[in-house]
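Participant: the sequence and its predicted three-dimensional model are supplied below.
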Amino acid sequence: MVVDMTGSTRGAVLGLLLVVAALAVPVSLDGQEESTSSRKPSKEKEDPEAATPAEIRKVLDAWDEALERGDVDGLSDLLHEEIVLLPQGRGALEAREEVLESYRALFAQYTVTRRSEIDEIRVAGDWAFVRGVESFVLEASGGGERLRTEERRMLSILRRGEDGRWRFAQAMTNRGPEKAGGGPKSRLPR
């Protein structure tokens, strides 16, 4: 059955998925499922198709490696066909080609190094949610100017495709909270 949803309906469904996923599988930073006193041991067999935080981390690492190589094809392979990016200070990028064109323009001028600290990974069926902080170092191609972006909070949603591969479906970034004296608080090594 195919359901045609309006943008607002699709947004409401995605919001509901976020709530459901947030309640789904608590995962600690070391990638192990957290135990909770209210969670009873499951008598069901483990789902061999269930993703682990380690699988999601591999996708995150592949993204960072493609960024550092300036590899647009490598990034494309990690994007869901219906990708939506919500970058800090810019309008939404709502098509794979629009996202890739943005990276082509970036790679034409800079080499990119991304640093991130993952706070949480939650997996719920064919959806995974990643929360953390990131920053970028941009070095002008051919030397010269070196820029470091401010640290930003990030939330990424990955979706497992019919081929079993995880790809970025949505992602957003925003500036972190201000520290005393102005500027964002830093959690990443400089």
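Facilitator: The structure has been received and is ready for your questions.

Participant: helix, strand or coil for the nearest residue to residue 116 once chain neighbours are set aside?
Facilitator: The shortest distance from residue 116 to any residue other than its chain neighbours is 4.2 Å, reached at residue 134 (C-beta to C-beta, 6 or more residues apart in numbering). C-beta coordinates here come from the backbone N, C-alpha and C atoms, glycine included. Per DSSP: H, G, I helix; E, B strand; the rest coil, the secondary structure class of residue 134 is strand.

Participant: would you agree residue 134 is in contact with residue 119?
Facilitator: No. With contacts counted by C-beta atoms under 8 Å, residue 134 stays clear of residue 119, the gap being 11.1 Å.

Participant: and those two? which has more neighbours close in?
Facilitator: Relative neighbour count places residue 134 above the other of residue 134 and residue 119, with 18 against 13, counting by other C-beta atoms under 10 Å.

Participant: so residue 168 sits right up against residue 77, yeah?
Facilitator: No. With contact defined as C-beta under 8 Å, residue 168 does not reach residue 77; the gap is 10.6 Å.

Participant: of these two, which one has the most company?
Facilitator: For residue 168 versus residue 77, neighbours defined as other C-beta under 10 Å are more numerous around residue 168 (22 against 12).

Participant: for residue 143, see how far away the more buried one is.
Facilitator: Per C-beta to C-beta, to the nearest Å, residue 168 is found 31 Å from residue 143.
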